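**Student:** here's a sequence, model it:
(chains A and B)
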Amino acid sequence: MTDDQLATQAEISAEIATIAGTLGRGASETQPRLDYPPYRSSVLRHPTKDLHQVDPEGIELWAPAFGHRDVGALESDLTVQGRGEPIGERMVVTGRVLDGDGRPVRRQLVEIWQANAGGRYIHQRDQHPAALDPHFTGMGRCLTDDDGTYRFTTIKPGPYPWKNHRNAWRPAHIHFSLFGTEFTQRLVTQMYFPSDPLFDLDPIVQTVVDPRSRERLVAAYDHDLSQHEWSTGYRWDIVLTGTHRTPTEDETEDDA
Amino acid sequence: MSTPTPGQTVGPFFHDALPYPGDSELVPPGRADAVRLHGRVLDGAGTPVPDALVELWQADADGHVPREPGSLRRDGFTFTGWGRSATDDAGHWSFATVAPGSVSGGAPFFALTVFARGLPNRLFTRAYLPGPALGGDPLLGSLPADRRSTLVATADRQGFAFDVRLQGEGETVFLTYPRH
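**Tutor:** Residues are numbered from 1 along each chain as shown, chains lettered A, B, ... in the order given. Down below sits the predicted model:
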């Protein structure tokens, strides 16, 4: 498809508005719609049959364990992985990973990836002609602490163009990958920044049709996290779905 | 009760972040008891999906749930039960692992999570080991025969094959759980 054949932003925005109108008054949807035509690459990639509800069994009641063997202490600082300072706005992003009952998810893996300050990923398939930063890979990992808190130091990512439609721009975001205490809680999502003018135009954000749910993807600027002459700070808490396993004595002791 | 954070697509640019050396080798591929679990991810037109990621979580051969860390830095000896495999240009993914045993008497299965560009949220499914143990399985028993077969791996020379069909004919049964 040539660029001229792509839909315009106005056409995509109209599709987004039409779908938003299908959300019943007072209805809530916590997760994105899998069938969301304004996000063009979803058209052939979403299941057409309803997800089949099943009670989790056996292995599904547990999640893989990760520890300090898996994750180095420096992996949570994306600004020290090169030989010099990366370009852009240094920022800290921190928050808590909680389960569906509000309990902290302790000592569990968090992975992030993102574009650099100019909106460019190091990925070879990213052909956006913005500069690569030799001091920034845009990848990080950490383990949550005993309070469920994760913390990364990074560079604020830039927005970037993509080919979903003509003049399509992704709002600046950081990809997050999270595990809970059960297989059923696995989550991959994206964190956005407050007051981003691209937020309402973006069909990936808008796969989450319920506006109250979309707000859960937006971090808060927190001046108490900003550091004098060093970095800005954002806070974003992540809530996983609810658990099913009855805690054993071992785990109860572990939690004490 | 807290409301869960929505998922979002894994996007096209995860390859430098999520895959890692040894990610798909839960056991060394040459080990005597190693089996291969592999397949393709296909879209609604039957076209292979080259930018998908499959994660595997499973019991060990005796049906014990692994509790050991070390999936990201494999030592070649510890069975962590977890791995991930990005699809190649032919939409193919592959793990070296062992056949899982039965956990608490249930039919043995591999638990799989599927991510892809164009897929707004992750999908969960099960790849059951083929065999007589499947008769009494409550999930399989609740499905019509043509859909049931989408959850059963096929034995092949090195282990098991299991295609993930995101849409259309033979669409894989994807799962949701209470509290989702």
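**Student:** now do the contacts for the residue positioned nearest the centre of chain A.
**Tutor:** In chain A, the centroid-proximal residue (C-alpha atoms, centre = their mean) is A:Q190; its distance is 2.0 Å. Contact analysis of A:Q190 by C-beta atoms under 8 Å, 6 or more residues apart in numbering or on different chains lists A:H173, A:I174, A:H175, A:F176, A:I204, A:V205, A:L217, B:Q8, B:T9, B:G11. (Glycine included, C-beta is placed from N, CA and C.)
**Student:** just give me the closest of the residues you listed to A:D77.
**Tutor:** For the contacts of A:Q190, the residue nearest A:D77 by C-beta to C-beta is A:I174; the value is 14.3 Å.
**Student:** so what's that closest one bridging to?
**Tutor:** Beta-bridge pairing for A:I174 (DSSP bridges): A:Q114, A:M191.
**Student:** how about the helices in chain A?
**Tutor:** A:9-20, A:211-215, A:249-255 (DSSP state H).
**Student:** the first one and chain B, are they touching?
**Tutor:** So the one you mean is helix A:9-20. No. Using C-beta under 8 Å from any C-beta of the partner chain, no contact is recorded between helix A:9-20 and chain B, whose separation bottoms out at 12.4 Å.
**Student:** so how far is that helix from its chain's centroid?
**Tutor:** With C-alpha atoms, centre = their mean, to the nearest Å as the basis, helix A:9-20 stands 23 Å off its chain's centre.
**Student:** buried stuff in that helix?
**Tutor:** Of the residues in helix A:9-20, A:Q9, A:I12, A:S13, A:E15, A:I16, A:I19 count as buried by neighbour count, 16 or more other C-beta atoms under 10 Å in any protein chain shown.
**Student:** what's the mean pLDDT across it?
**Tutor:** When pLDDT is averaged over helix A:9-20, the result is 98.
**Student:** ok, stretch B:152-159 next?
**Tutor:** Mean pLDDT, stretch B:152-159: 97.
**Student:** centre of the chain to that stretch, how far?
**Tutor:** Centre-to-centre, stretch B:152-159 and its host chain are 14 Å apart (C-alpha atoms, centre = their mean).
**Student:** buried ones in that stretch?
**Tutor:** In terms of neighbour count (16+ other C-beta under 10 Å), stretch B:152-159 has its buried residues at B:V152, B:A153, B:G159.
**Student:** ditto for stretch B:135-151
**Tutor:** B:D137, B:L139, B:L140, B:L143, B:R147, B:R148, B:T150, B:L151.
**Student:** so the last one makes contact with B:A127?
**Tutor:** I take that to be B:L151. Yes. Between B:L151 and B:A127 there is a contact under C-beta atoms under 8 Å: 6.8 Å.
**Student:** and the closest residue to A:V239 other than its chain neighbours, what is it in contact with?
**Tutor:** Among residues not flanking A:V239 along the chain, B:S2 sits closest, at 4.5 Å (C-beta to C-beta, 6 or more residues apart in numbering or on different chains). The neighbours of B:S2, taking C-beta under 8 Å, 6+ apart as the test, are A:L98, A:D99, A:G100, A:D101, A:G102, A:V239.
**Student:** ok, back up a step: the buried residues of stretch B:152-159 in helices, which ones?
**Tutor:** Using DSSP H, no member of the buried residues of stretch B:152-159 falls within helices.
**Student:** reformat those as TSV; add distance to A:P129.
**Tutor:** Below are those laid out as TSV (distance: C-beta to C-beta, whole Å):
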residue	distance to A:P129
B:V152	48
B:A153	44
B:G159	44
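**Student:** can I get those residues in a markdown table including distance to chain A?
**Tutor:** Below are the buried residues of stretch B:152-159 laid out as a markdown table (distance: C-beta to the nearest C-beta, whole Å):
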| residue | distance to chain A |
| --- | --- |
| B:V152 | 15 |
| B:A153 | 15 |
| B:G159 | 18 |
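**Student:** in strands only, show me those residues.
**Tutor:** Among these, the members found in strands (DSSP state E) are B:G159.
**Student:** chain B: strands as residue ranges?
**Tutor:** Going by DSSP E, chain B shows strands at B:35-42, B:52-57, B:82-86, B:92-97, B:109-116, B:123-128, B:154-155, B:159-161, B:164-165, B:175-176.
**Student:** show me the residue sitting in the middle of chain B in space.
**Tutor:** B:L112 (2.8 Å).
**Student:** residue 128: what's it in contact with?
**Tutor:** Assuming you mean chain A. The neighbours of A:H128, taking C-beta under 8 Å, 6+ apart as the test, are A:G119, A:R120, A:Y160, A:P161.
**Student:** right idea, wrong chain: chain B
**Tutor:** Per C-beta under 8 Å, 6+ apart, neighbours of B:Y128: B:A107, B:P108, B:F109, B:L134, B:D137, B:L140, B:L151, B:V152, B:A153.
**Student:** go again with 7 Å.
**Tutor:** By C-beta atoms under 7 Å, 6 or more residues apart in numbering or on different chains, the contact set of B:Y128 is B:A107, B:F109, B:L134, B:L140, B:L151, B:V152, B:A153.
**Student:** would a markdown table of the residues you listed with distance to B:V41 be doable?
**Tutor:** Output for the contacts of B:Y128, formatted as a markdown table (distance: C-beta to C-beta, whole Å):
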| residue | distance to B:V41 |
| --- | --- |
| B:A107 | 24 |
| B:F109 | 18 |
| B:L134 | 23 |
| B:L140 | 22 |
| B:L151 | 15 |
| B:V152 | 17 |
| B:A153 | 15 |
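**Student:** go through those residues and name the one nearest B:F95.
**Tutor:** Distances from B:F95 to the contacts of B:Y128, taken by C-beta to C-beta, are shortest for B:A153, at 11.5 Å.
**Student:** give me the phi and psi for the closest one.
**Tutor:** When read as degrees, to the nearest 10, the backbone of B:A153 gives phi -70, psi 160.
**Student:** how close does the closest residue in space to it that isn't next to it in sequence get to chain A?
**Tutor:** Leaving aside its sequence neighbours, B:A153 sits nearest to B:F160 (C-beta to C-beta, 6+ apart; 3.9 Å). For B:F160, the distance to chain A (C-beta to the nearest C-beta, to the nearest Å) stands at 16 Å.
**Student:** thought B:F160 was touching B:G39?
**Tutor:** No. The pair B:F160 and B:G39 fails to qualify as a contact (C-beta atoms under 7 Å) at a distance of 8.5 Å.
**Student:** correct me, but A:T181 touches A:V105?
**Tutor:** Yes. Counting by C-beta under 7 Å, A:V105 is a contact partner of A:T181 at 6.5 Å.
**Student:** compare those two (neighbour count), which wins?
**Tutor:** Set A:T181 next to A:V105 and count neighbours by other C-beta atoms under 10 Å in any protein chain shown: A:V105 wins out with 24 against 20.
**Student:** which residues sit in contact with that one?
**Tutor:** So A:V105 contacts A:V97, A:L98, A:D99, A:T144, A:G148, A:G180, A:T181, A:L240 (C-beta under 7 Å, 6+ apart).
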